[in-house]
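> Okay, structure incoming, though there's no sequence with it:
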Ligand SMILES: [Fe+2]
Ligand SMILES: [Fe+2]
């Protein structure tokens with residue numbers, strides 16, 4: 001049995017939800033909006049890729065972890081889908097259409113990867129994403145970047161980030177068990193991160209152009225950007241091992257809440 005718990009919180013989002021998680025920080029708000037839009041797309045892809053190699057894994061405990069991993073990702077995408085439906089409705093007609101077009105392109109990228117690329121490429125892509133989300137999660141807790149985000153934004157992101165840290169080793173271990181090497185991971189994990197940043201930037205720009213004009217008092221991404229870049233770079237080094245990263249304080253408490 002896996003040590004990873006599959007929690008099923010059922011978040012609800014009202015029509016009057018704030019489009020900006022933090023009205024005083026447009027850049028970080030746009031980043032949060034782009035992350036929630038991106039999440040269900042990549043998570044559906046991750047689940048497909050992981051399930052595809054489940055039968056090929058010799059280790060029963062790794063297979064159990066993979067099942068728990070897919071359970072957590074399915075729970076994430078279910079809740080983010082609800083949030084994203086509300087966010088899309090809040091955009092202007094033009095903004096919504098731009099977002100839907102960008103999302104359709106991302107979906108078609110993943111369909112193409114799944115059909116045309118080999119399993120090891122897809123696993124390296126999955127690992128590149130998972131190591132980046134773990135780095136972002138550690139960064140967010142270390143600098144308390146969510147402290148000014150409004151409810152229920154803060155809750156869903158906090159829960160999601162905490163579980164990303166909890167299941168951080170699964171994609172890495174599956175990739176290794178399926179024959180992944182450091183050079184291959186470096187090339188395709190970097191590609192995954194570059195591919196994802198392009199879409200994050202595209203989604204974020206759409207939201208940024210829709211936010212109301214307001215004087216900005218906070219700049220979390222500028223203030224702590226270097227720290228985030230260092231954490232992301234560390235995932236591409238030969239010594240990177242997700243099982244050895246230091247856990248942020250209070251992680252257990254967050255996980256117990258759900
Ligand atoms: Fe997730
Ligand atoms: Fe994940």
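Arrived safely. Note that the coordinates shown come from a computational prediction; the quantities given were computed from them, not determined experimentally. Numbers count the residues shown, from 1 in each chain. Ligands and ions are numbered 1, 2, ... in the order given.

> before we move on, which element is the nearest residue to residue 231 once chain neighbours are set aside in?
Leaving aside its chain neighbours, residue 231 sits nearest to residue 135 (4.0 Å; criterion: CB to CB, 6 or more residues apart in numbering). For the C-beta atoms, the positions are set from N, CA and C on the backbone; glycine is no exception. Using DSSP states H and E, residue 135 maps to helix 119-142.

> any idea how far that helix is from the chain center?
Distance of helix 119-142 from the chain centroid (CA atoms, centre = their mean, to the nearest Å) equals 8 Å.

> List the buried residues for it?
120-141 (16 or more other CB atoms under 10 Å).

> Can you give me the distance of residue 212 to residue 20?
8 Å (CB to CB, to the nearest Å).

> which residues of the stretch 1-150 of the chain score low on pLDDT?
1 (pLDDT under 70).

> For burial, what's the neighbour tally of the residue in it positioned nearest to ligand 1?
Nearest residue of the stretch 1-150 of the chain to ligand 1 (CB to the ion) works out as residue 76 at 3.7 Å. Using other CB atoms under 10 Å, residue 76 has 21 other residues around it.

> same check, this time on residue 23
Number of residues near residue 23 (other CB under 10 Å) recorded here: 17.

> my guess is it contacts residue 29, does it?
Yes - the criterion here is CB atoms under 8 Å, and residue 23 meets it with residue 29 at 7.4 Å.

> hmm, stretch 184-197 touching ligand 1?
No - Stretch 184-197 is not in contact with ligand 1 by CB under 5 Å from the ion; minimum separation 12.7 Å.

> buried ones in that stretch?
Neighbour-count burial for stretch 184-197, counted by 16+ other CB under 10 Å, picks out 185-186, 188-189, 192-193, 195-196.

> need the residues of the stretch 51-200 of the chain near ligand 1, please.
Applying CB under 5 Å from the ion, one finds that the stretch 51-200 of the chain approaches ligand 1 through 73, 76.

> The same query, at a cut-off of 6 Å, please.
73, 76, 160, 164 (CB under 6 Å from the ion).

> Among those, which one has the most neighbours?
Result: residue 73 is most packed of these (other CB under 10 Å), 26 neighbours.

> any idea how far that one lies from residue 214?
Counting by CB to CB, the gap from residue 73 to residue 214 is 35 Å.
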